[in-house]
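# no sequence for this one, just the structure:
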């Protein structure tokens, strides 16, 4: 039996998760409301928790993003089939020829809806003053060569630390090693998902491999002595990642980018957001280092804002 205090705490936790999920769904619906051609704003559809690790790993190795014209929410057909009680694939979205690509050496998804909502709300609160400006004073150079310039900005970048120890998991490719080809990745990925077995171990000889290849080519039965030497190619996800020269890294903060739309207004939209390990910061996206001063128009009196998040 749980105590009354434990029951109340559990109810609060479930309520918080339910509220965050509803907000996540609202963010996602608004983001994809303009249809399949909308790609400028891709926070939840590309980095949301619902995209799953499979879609993120596919993006890292092939450049194909989770959000596609045939999967606007970032949830792919192989996952959508479980929306039906019989695992029916008939209603799963079919691929189109217009595939969306965005290559990166580090990709990932938020850990849960609570992190998404907390980060977006924190960014909205912390950037409130900066969003009322149009010009920012940026500093370039050092010492006697230091120059201050007023620049018009249309993006705001902020990194926040939501009340969560881990905000997301990212896949990071080891760039010191050659990248696996698309065919190599797809074969390995399918082998992991299907638990494919291959000849493996110290007792496997070149003759064994030759006999095995010949049997596979002819479609004939693999000899029993070879079957006994076969092992699962990738028993664990870590084995697959090792083969791909990829690490799974916990990310502690969230980077968000806001865009001014239209460019001469004071209206802002969330351009993108994803988990990172860089330290919290805030700045208008303009050349140089921001000293905290902004103006609402070019002839207005400057205002000094805090540069600390």
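Alright, I've got the coordinates. This is a predicted model, so every value here is computed, not measured.
# counting by contacts, list what the longest helix seen in the chain packs against.
Scanning the chain for the longest helix, with DSSP state H as the assignment, gives helix 4-31. With contacts defined as 3 or more CB pairs under 8 Å, 6 or more residues apart in numbering; DSSP states H and E, helix 4-31 has these neighbours: helix 44-47, helix 113-126. In short, each C-beta sits where N, CA and C put it, glycine included.
# mind putting those helices in TSV, mean pLDDT and mean neighbour count included?
Shown next, in TSV, are the helices and strands packed on helix 4-31 (pLDDT from 0 to 100; neighbours: other CB atoms under 10 Å):
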stretch	mean pLDDT	mean neighbour count
helix 44-47	92	26
helix 113-126	96	20
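# centre of the chain to stretch 228-246, how far?
The chain centre lies 24 Å from the centre of stretch 228-246; the measure is CA atoms, centre = their mean, to the nearest Å.
# that stretch - what's its average pLDDT?
In this model, stretch 228-246 has an average pLDDT of 96.
# burial measure for the closest residue in space to residue 203 that isn't next to it in sequence, as a count.
Nearest residue to residue 203, sequence neighbours excluded (CB to CB, 6 or more residues apart in numbering): residue 229, at 6.0 Å. Other residues near residue 229 come to 18 when the count uses other CB atoms under 10 Å.
# so residue 229 sits against residue 207, correct?
No: Residue 229 is beyond contact range of residue 207, at 11.8 Å (criterion: CB atoms under 8 Å).
# now find how far off-centre the longest helix of the chain is within its chain.
With CA atoms, centre = their mean, you get 22 Å for helix 4-31.
# give me the buried positions along it.
20, 21, 23, 24, 27, 28, 31 (16 or more other CB atoms under 10 Å).
# tell me the contacts of the last one?
The contact partners of residue 31, by CB atoms under 8 Å, 6 or more residues apart in numbering, come to 38, 41, 42, 43, 44, 45.
# where do the helices sit along the stretch 51-200 of the chain?
52-62, 77-80, 113-126, 182-194 (DSSP state H, counting those that start in this stretch).
# mind putting those into TSV with distance to residue 167?
Formatted as TSV, the helices of the stretch 51-200 of the chain follow (distance: least, CB to CB, whole Å):
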stretch	distance to residue 167
helix 52-62	14
helix 77-80	22
helix 113-126	5
helix 182-194	26
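# so which of those helices comes closest to residue 1?
The closest of the helices of the stretch 51-200 of the chain to residue 1 is helix 113-126. By CB to CB, the value is 28.2 Å.
# show me what that closest one is packed up against.
Using 3+ CB pairs under 8 Å, 6+ apart, helix 113-126 is in contact with helix 4-31, strand 155-160, strand 253-260, strand 268-276.
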